[in-house]
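Enquirer: Sequence first, then the predicted structure, then my questions.
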Amino acid sequence: MFFDTWYDILRMIVVGTVAYAGLVVLLRASGKRTLAKMNAFDLVVTIAFGSTFASALLSSDITVVEALSAFALLCGLQYGVAVLSVRSHWFRNLIKSEPTLLFYRGNFLEPAIRTQRVTKEEVFAAMRSAGAASPADVDAVVLETDGSFSVVAGSKGSNVEILKYVQGVETIG
């Protein structure tokens, strides 16, 4: 229960070190985009890396070469999805969502809040995290494609150009 053999510990140290080094090399070679959190697919890939690494460490049924092959496959898939999303508008629309405007200049956009299943309390929390003392200090709150909130402040009296590609901007006229 607490200890089986020294072989198991040695195997975990060797496999962990080699798999870790291999993962670092693959991630560096595949670029910064591999672990970005820009859409849901990115999250899935990141979780898959962790799951594969844990499986390689803890299961004697998985060899180092199999783990490295899985890492390479995930990097390749992530690279392919990124390239396709840059080159194909249709594919980009298939895998990526649009950011959604939830709050604009003192008003909650109720349909967007309901559709995105977000509470006003969560929007207020995002405002507080951004350092706003009052909703009047905030021009907009956007639910980004990765599920995070962006708080836009400081452009009173002007158009908020940063909202150009945000879903729901057309409703604020």
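Expert: Nice, I can see it.
Enquirer: Number of residues surrounding residue 26?
Expert: Burial of residue 26 is recorded as 17 neighbouring residues (other Cβ atoms under 10 Å). Where you see a C-beta, it was placed from the backbone N, CA and C, and this is true even at glycine.
Enquirer: now do residue 39
Expert: Each residue near residue 39 was counted by other Cβ under 10 Å, and the total is 19.
Enquirer: Show the pLDDT at it.
Expert: According to the per-residue confidence, residue 39 scores 70 in pLDDT.
Enquirer: Now it: phi and psi?
Expert: Dihedral angles of residue 39 (phi, psi; degrees, to the nearest 10) stand at phi -160, psi 180.
Enquirer: cool, residue 138 as well?
Expert: phi -110, psi 130.
Enquirer: surely it meets residue 104?
Expert: No - judged on Cβ atoms under 8 Å, residue 138 makes no contact with residue 104 at a distance of 9.1 Å.
Enquirer: where does the protein dip in pLDDT?
Expert: Per-residue confidence of the chain (counting by pLDDT under 70) places the weak regions at 155-160, 173.
Enquirer: domains for it, by residue range?
Expert: Structural domains assigned to the chain are 6-94, 100-171, following automatic domain parsing.
Enquirer: Apart from its neighbours in sequence, what residue is nearest the spatially most central residue of the chain?
Expert: If you average the C-alpha coordinates of the chain and look for the closest C-alpha using Cα atoms, centre = their mean, you land on residue 37, 2.5 Å from that point. Nearest residue to residue 37, sequence neighbours excluded (Cβ to Cβ, 6 or more residues apart in numbering): residue 146, at 4.7 Å.
Enquirer: Thanks a lot, catch you later.
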